[in-house]
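Engineer: This is a predicted model, with the sequence first.
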Amino acid sequence: MKKLIMGSLLLLLLLTMTGCRSGENGEVYVYSYGDYYDPEVVADFEADTGIRVIQDTYDTAEEMYPIIKNGSANYDVVCTSDYMISKMKGENLLQKLDKKNIRNIKNLDEDYMRKAEEYDPGNEYSVPYLVGVSGILYNKKMVKGKKIDSWNALWDPDFKNNIVMQDSVRDAFAISLLRLGYSPNTTNPKEIEEAKNALKEQKKLVYKYANDSARDLLADKSAAIGVVWNGEYNYTHDLNKDIEFVVPKEGSEFFIDSWVVPKSARNKRNAERFINYMCKAKVAKRNFDYLYYTTPNTAAIKMIPSKYVSNPALFPSKETIARCTLLRNLDPDTTKLYGDSWKEVKSK
């Protein structure tokens, strides 16, 4: 769900070209969040299987959705987020997976597989790839001794022009709603209105709304406090040892990004081989080493040094995850209400 690095449009051009070279065992078209796995893993997959991988990336699930919905391009395997998988499944945009072709799914943590059933009952359409939680990244020196353990810190006037807030409608509203004691999946217009007004009030304190760049703004001391996904902690802490990460006591947003196969896929068997490869323990470990996002692959975790596995920023405890919530796909009217409310926040 979650590293949002600017994707290339190269594949959209490739798909319009003729005479593209195929691997000896065909190809597989992969569509995922940008920079979301070790590039060498793809090269090794090609060498091991003879399947050529054609890759394309996107920034947000909302950007990916109309591409699949409208058939603008044909992809065989997509990595996307929990709530979007629910939406796509409900609109008959996904194929059921043949688990006989994804035997390495046995490596995945049963707890995460059960949690994934919240958006994919029976785990029929998706295979978890990465998981994580949203939290507060802060510079312990710049916050001058204040205890940071609540979303209220993002409304603290002492941090005016030092706050980086997520630039995403559902993520921003999740923070505001949780702070107010509401569900981040609420469909109650009054609760959404209250959360909107709180975000409008917060705006005068915000230095910048950002997604990817939030970690860099904290690392170089452009800001004192901000919102990131836990996978960004290690990178930022390596650059600035004063950086700490906390999941607020009110709870937070939890995500599971998973592999799915669109209904329009032309190479389903190769897609399942790609997913199976990504579930290999050694491959999952390499992807962790590349990203430092939490892997749900228990076989891979056994290979990861304990200094990482024991770090609650990188591998949140079950108690932490228990107070976090997956975003759900919402009905069209509520989705529009959130979107209109976010536009109002950003425009004032």
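Structural biologist: Everything's here; your move. None of the values given here were measured: they were computed from a predicted structure.

Engineer: In this structure, mark out all the strands, start to finish.
Structural biologist: Read by DSSP state E, the chain holds these strands, from start to end of the chain: 27-33, 52-58, 77-81, 126-139, 163-166, 206-210, 225-229, 243-246, 252-260, 324-326.

Engineer: And the first one, how far out from the chain middle?
Structural biologist: On the basis of C-alpha atoms, centre = their mean, to the nearest Å, the separation between the geometric centre of strand 27-33 and that of its chain is 17 Å.

Engineer: likewise the shortest one?
Structural biologist: Offset of strand 324-326 from its chain centre (C-alpha atoms, centre = their mean): 13 Å.

Engineer: Quick one: mean pLDDT for it?
Structural biologist: This predicted structure assigns strand 324-326 an average pLDDT of 95.

Engineer: again, but for the third one
Structural biologist: Averaged over strand 77-81, pLDDT sits at 97.

Engineer: Pull up the pairing partners for that strand, direction included.
Structural biologist: Here the strand partners of strand 77-81, with direction, are listed using DSSP bridges: strand 27-33 (parallel), strand 252-260 (antiparallel).

Engineer: Out of those strands, flag the one nearest Ile105.
Structural biologist: strand 252-260 (10.2 Å; C-beta to C-beta). To be clear about C-beta, it is placed using only N, CA and C from the backbone, and glycine gets the same treatment.

Engineer: Asn74 is nearest to which of the strands paired with strand 77-81?
Structural biologist: Ranking those by their distance to Asn74 (criterion: C-beta to C-beta) puts strand 27-33 first, at 6.6 Å.

Engineer: Convert the C-alpha atoms of that closest one to CSV, please.
Structural biologist: This file holds the C-alpha atoms of strand 27-33, laid out as CSV (Å, rounded to 0.1, in the frame of the first residue of the first chain):
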residue,chain,number,x,y,z
GLU,A,27,5.8,-12.8,-20.3
VAL,A,28,4.1,-11.4,-17.3
TYR,A,29,2.9,-7.8,-17.0
VAL,A,30,3.4,-6.5,-13.5
TYR,A,31,1.7,-3.3,-12.1
SER,A,32,2.7,-2.1,-8.6
TYR,A,33,3.5,0.8,-6.3
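
Engineer: Return the angle between stretch directions for it and strand 126-139.
Structural biologist: Angle between the axes of strand 27-33 and strand 126-139 is 30 degrees (criterion: axes from the mean of the first three to the mean of the last three C-alpha atoms, to 10 degrees).

Engineer: Go through strand 27-33 and flag the buried ones.
Structural biologist: When burial is assessed from 16 or more other C-beta atoms under 10 Å, strand 27-33 yields the following buried residues: 27-33.

Engineer: Which two among the residues you listed are spaced furthest apart?
Structural biologist: Across the buried residues of strand 27-33, the two lying at the largest distance from each other (C-beta to C-beta) are Glu27 and Tyr33, at 20.7 Å.

Engineer: I'd like the strands paired with strand 77-81 as TSV, with mean pLDDT and distance to Lys196 appended.
Structural biologist: TSV is the format used below for the strands paired with strand 77-81 (pLDDT from 0 to 100; distance: least, C-beta to C-beta, whole Å):
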stretch	mean pLDDT	distance to Lys196
strand 27-33	97	27
strand 252-260	97	17
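
Engineer: Dump the ones you listed into JSON lines; add distance to Pro66 as well.
Structural biologist: Conversion of the strands paired with strand 77-81 to JSON lines gives the following (distance: least, C-beta to C-beta, whole Å):
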{"stretch": "strand 27-33", "distance to Pro66": "13"}
{"stretch": "strand 252-260", "distance to Pro66": "16"}
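
Engineer: Out of those strands, which is closest to Gly90?
Structural biologist: For those, the distance to Gly90 is smallest for strand 252-260, at 12.9 Å, taking C-beta to C-beta.
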